[in-house]
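Undergrad: Would you be able to build a 3D model of this:
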Amino acid sequence: MKKITKEVYLKWYEDMQFWRKFEDKLAAVYIQQKVRGFLHLYNGQEAVLAGSLHAMDLTKDKMITAYRNHVQPIGLGVDPRRVMAELYGKVTGTSHGMGGSMHIFSKEHRFYGGHGIVGGQIPLGAGLAFADKFFDREAVTLTYLGDGAARQGSLHETMNLAMLWKLPVVIIVENNGYAMGTSVSRTANHTDVWKLGLGYEMPCGPVDGMNPVKVAEALSEAIDRARKGDGPTFLEMKTYRYRGHSMSDAQHYRTKEEVEEYKKIDPITQVLDVIKKNNYATEEEILAIDKRVKDLVNECEKFAEESAYPEISQLYDVVYEQKDYPFLSHKPE
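TA: Below you'll find the model as predicted:
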């Protein structure tokens, strides 16, 4: 595993702080109806992404996930201004304003969504891995899903083929405890989701998903295994979300006391504690990081606010390759 240095901790802190504040801003503008439709926030789960990025080879490895997908492309290098613009439905967005919150993509940065269908991304992740194996690209695909999607048949079909063909894929359950609003204990007669891998004789195990070090350690081992041709791994990242499933979630299924208890192990606080304990940064340097984060969030908001909405003609341009639109009875002007 790549060494976890002072610089890594400082990057983790700045990245995770930015992801958190970026989405806090999205929540604020959602209430103002500047972002519409569904909005699923990642607050609390940032250690999973931070540890994953440390373990990956960002020049070739891929990532695919469900609809809680705003900060992953940012971590991979996508301009955060374009991500926010996409949520605003603006033409400067990652999909020219046509995808919105649940469908962020960047082929350039090897981020393949952003998928609204529960469990729909799981076989797609295996397909990406199959292509890499077929073309001998030595790349690994990290495929993320929630604990709710762990009950979908697509997971089991994918795990079967991934083991059969020894695909270079790591399947990662981000178990935040509740799916939409139903606890893990109410969806199966076991709460250790990682044990599903045992039925396929797939290497598997639980991981502390609130600690980026633990995530990086587990994923480094899994990625190395996949890259050597030894096949997939199934990991359960035990994490927690501080906000509801989506912005419309009243959260009646859990208590405020439970949320506050989990905030005591906030991944950002854990990283900041290590920084302070080891004197990796002074108070002034930490405040400077916080200011950079705030300024960049404001810059993203300004960019999205000032960008234009797409022209109506874009509806045709992104669907039809043949420009005389032979399948339309009414031709666009």
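
Undergrad: Show me what the helix or strand encompassing residue 11 is packed up against.
TA: Counting by DSSP states H and E, the element that carries residue 11 is helix 6-31. With contacts taken as 3 or more CB pairs under 8 Å, 6 or more residues apart in numbering; DSSP states H and E, helix 6-31 sits against helix 46-55, helix 71-76, helix 80-88, helix 267-277, helix 283-306. Every residue, glycine included, has its C-beta placed from N, CA and C.

Undergrad: Looking at those helices, spot the one closest to residue 129.
TA: Residue 129 sits nearest to helix 46-55 of all these, at 15.5 Å, using CB to CB.

Undergrad: so after that closest one, what's the next helix or strand?
TA: strand 62-64.

Undergrad: related to what we said a few turns ago, report the rounded mean pLDDT for the helix holding residue 11.
TA: Average pLDDT, helix 6-31: 98.

Undergrad: what's the angle between it and helix 46-55?
TA: 130 degrees (axes from the mean of the first three to the mean of the last three CA atoms, to 10 degrees).

Undergrad: What are the buried residues along helix 6-31?
TA: Neighbour-count burial for helix 6-31, counted by 16 or more other CB atoms under 10 Å, picks out 8-23, 25-26, 29-30.

Undergrad: isn't residue 21 right next to residue 292, touching?
TA: No: the criterion here is CB atoms under 8 Å, and residue 21 misses it with residue 292 at 10.7 Å.

Undergrad: right, and residue 23 touches residue 41 too?
TA: Yes: Residue 23 lies in contact with residue 41 (CB under 8 Å); the separation is 4.7 Å.

Undergrad: Look up the residues that both of these two are in contact with.
TA: residue 70 (CB atoms under 8 Å, 6 or more residues apart in numbering).

Undergrad: Can you tell me how far residue 162 is from residue 180?
TA: 26 Å (CB to CB, to the nearest Å).

Undergrad: quick one: which of these two has more around it?
TA: residue 162 (28 against 13; other CB atoms under 10 Å).

Undergrad: Packing partners of the helix or strand containing that one?
TA: Taking DSSP H and E as the definition, residue 162 sits inside helix 153-164. Helix 153-164 makes packing contacts with helix 121-134, strand 169-175 when contacts are defined by 3+ CB pairs under 8 Å, 6+ apart.

Undergrad: Now do it against strand 169-175, angle only.
TA: 150 degrees.

Undergrad: Flag every buried residue along helix 153-164.
TA: Buried residues in helix 153-164 (16+ other CB under 10 Å): 154-155, 158-159, 161-163.

Undergrad: circling back: for the helix holding residue 11, the distance to its chain's centre please.
TA: 13 Å (CA atoms, centre = their mean, to the nearest Å).

Undergrad: Contacts for stretch 106-119, please.
TA: Contacts of stretch 106-119 (CB under 8 Å, 6+ apart): 58, 60-67, 69, 72-73, 76-78, 94, 99, 102-105, 121, 124-125, 128, 145-146, 148-149, 152-155.

Undergrad: With just CA atoms, put it into CSV.
TA: Output in CSV follows, covering the C-alpha atoms of stretch 106-119 (Å, rounded to 0.1, in the frame of the first residue of the first chain):
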residue,chain,number,x,y,z
SER,A,106,-16.8,11.6,-17.0
LYS,A,107,-15.3,9.1,-19.4
GLU,A,108,-12.1,11.3,-19.4
HIS,A,109,-11.6,10.7,-15.6
ARG,A,110,-12.9,7.1,-15.7
PHE,A,111,-16.1,7.8,-13.7
TYR,A,112,-18.9,5.8,-15.2
GLY,A,113,-21.9,7.1,-13.2
GLY,A,114,-24.2,7.9,-11.4
HIS,A,115,-27.1,5.3,-11.9
GLY,A,116,-30.7,5.8,-10.8
ILE,A,117,-31.8,2.2,-11.0
VAL,A,118,-31.1,0.4,-7.7
GLY,A,119,-28.4,-2.2,-8.4
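
Undergrad: Surely residue 61 is in contact with residue 222?
TA: No: counting by CB under 8 Å, residue 61 does not reach residue 222; the two are 11.5 Å apart.

Undergrad: any shared contact partners between the two?
TA: Contacts common to residue 61 and residue 222, judged by CB under 8 Å, 6+ apart, are absent.

Undergrad: what about residue 269, how many neighbours?
TA: Neighbours of residue 269 using other CB under 10 Å come to 14.

Undergrad: make that residue 192, sorry
TA: 15.

Undergrad: Likewise for the one 4 residues further on?
TA: Close neighbours of residue 196, defined as other CB under 10 Å, add up to 21.

Undergrad: Now do the contacts for it.
TA: 150, 155-156, 159, 204, 234.

Undergrad: Model confidence score at it, please.
TA: Value for residue 196, per-residue pLDDT: 97.

Undergrad: Relative to residue 208, how far out is it?
TA: Distance from residue 196 to residue 208, by CB to CB: 19 Å.

Undergrad: do the same with residue 79
TA: 31 Å.

Undergrad: Could you do residue 130 as well?
TA: For residue 130, the distance to residue 208 equals 31 Å [CB to CB].

Undergrad: Thanks a lot, catch you later.
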